[in-house]
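1. could you look at this predicted model? Sequence included:
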Amino acid sequence: LPQLPLTFQQATSLTKHVGVRYLWIDSVCIVQGDAEDMKTEFSTMPSVYGDAIGNSLASSSKNSTEGLF
């Protein structure tokens, strides 16, 4: 995990800590800047988030290197 940005590392740790098996990170799972991929993936968002156990976000971070906490 050290090669991942801090926010992704912390999200992975949080996911493991609460005993959840899967983690969706939008910017990893959706090709950034690819309009066609975004269109395809955005159409799956109701399922992705609708079946989610919970959501976390790094709303105070400027980018993925600043962390969740």
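-> Looks like it arrived, so ask away. Numbers count the residues shown, from 1 in each chain.
2. element containing E41, please.
-> E41 is part of helix 35-42 when elements are defined by DSSP states H and E.
3. one more: S47?
-> Counting by DSSP H and E, S47 is found in helix 45-50.
4. so for that helix, mean pLDDT?
-> For helix 45-50, mean pLDDT is 87.
5. now find how far off-centre it is within its chain.
-> 13 Å (CA atoms, centre = their mean, to the nearest Å).
6. what comes into contact with it?
-> Outside helix 45-50, the residues that touch it by CB atoms under 8 Å, 6 or more residues apart in numbering are W24, N55. Backbone N, C-alpha and C define where each C-beta goes, glycine included.
7. pretty sure T15 sits against L23.
-> Yes - T15 is within contact range of L23, at 4.5 Å (criterion: CB atoms under 8 Å).
8. could you give the average pLDDT over the helix holding E41?
-> Helix 35-42 comes out with an average pLDDT of 93.
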